[in-house]
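# build me a model from this:
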Amino acid sequence: MLHRGQESTDGTGGGELVVPMAWLYAEYIADELLRTGDLMPPTSMEFRAGRDALALTIFLSDTDGELSGIRVVSQLETWLSLTAYDQPWQDWVRERMADLAARAVESGAPAPDLDLAAAAWRWLEETELLAPDLNAVPGGGAGIGEDEGPKVWTKAWQLGLPLGHLAIHLF
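All right, here's what the predicted structure looks like:
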């Protein structure tokens with residue numbers, strides 16, 4: 001993936017390949033956490049929502065840009081707290097994305113990681129998935145199965161975030 005042909009991975013310029021390693025690594029960790037939890041098929045839209053929400057959390061919580069395999073286990077508690085039900089996750093994402101975008105503009109360097117994170121965030125905000133209505137009145141009828149109950153259109157991040165949170169718990 002060429003990124004505007006401005007700089008290489010070592011900053012020497014010349015139109016070489018700029019690899020978005022921070023985002024790809026965050027996405028890999030999120031994917032592994034969700035697969036380990038075995039919450040849904042990896043080909044489902046729900047899985048994608050969970051992976052993208054968790055990858056954004058992982059990527060944006062790495063304030064030093066030094067996410068390494070050794071630190072992953074030590075970051076699980078941080079990710080749990082960020083994805084908890086009572087946290088304003090979407091506001092935190094918007095603030096961190098704006099901060100990283102401002103830094104990228106200031107530095108003038110290509111930001112392929114941020115570009116991929118922004119694309120994931122756009123998808124999570126703009127996409128709605130049909131999901132069970134968790135706010136439906138209980139006792140609607142006996143024998144209602146998972147696929148038979150009331151459904152509601154839900155933003156992808158609102159479905160993916162709790163899935164990511166649960167995947168961390170199951171890890």
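# looks to me like Leu39 is in a strand.
No: Leu39: not assigned to a strand; according to DSSP: H, G, I helix; E, B strand; the rest coil it is coil.
# what ranges do the helices span in the protein?
21-37, 45-61, 72-83, 89-107, 112-126, 156-170 (DSSP state H).
# what's the closest of those helices to Asp133?
Proximity to Asp133 (Cβ to Cβ) singles out helix 156-170 among these, at 11.9 Å. C-beta: built from backbone N, CA, C; applies to glycine.
# in that closest one, what's buried?
With burial defined by 16 or more other Cβ atoms under 10 Å, the residues of helix 156-170 counted as buried are 156-168.
# can you check stretch 112-123 too?
Neighbour counts over stretch 112-123 (16+ other Cβ under 10 Å) mark Pro112, Asp113, Leu114, Asp115, Leu116, Ala117, Ala118, Ala120, Trp121 as buried.
# how about CSV for these, with pLDDT and distance to Ala55 added?
Shown next, in CSV, are the buried residues of stretch 112-123 (pLDDT from 0 to 100; distance: Cβ to Cβ, whole Å):
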residue, pLDDT, distance to Ala55
Pro112, 88, 14
Asp113, 91, 11
Leu114, 93, 13
Asp115, 93, 14
Leu116, 95, 9
Ala117, 95, 8
Ala118, 95, 12
Ala120, 96, 6
Trp121, 96, 10
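# so what does the lowest-mean-pLDDT helix or strand in the chain touch, helix or strand wise?
Ranked by mean pLDDT, DSSP states H and E, the weakest helix or strand in the chain is helix 72-83, scoring a mean of 84. Counting contacts by 3 or more Cβ pairs under 8 Å, 6 or more residues apart in numbering; DSSP states H and E, helix 72-83 is packed against helix 45-61, helix 89-107, helix 156-170.
# state the phi and psi torsions of Ala109.
phi -90, psi 150 (degrees, to the nearest 10).
# excluding chain neighbours, give the residue nearest to the residue nearest in space to the middle of the chain in space.
A centroid search over the chain (Cα atoms, centre = their mean) returns Ala53, at 2.5 Å, as the residue closest to the centre. Leaving aside its sequence neighbours, Ala53 sits nearest to Gly160 (Cβ to Cβ, 6 or more residues apart in numbering; 3.6 Å).
# isn't that neighbour right up against Trp123?
No: using Cβ atoms under 8 Å as the test, Gly160 is too far from Trp123 to be in contact (9.9 Å).
# no further questions, thank you.
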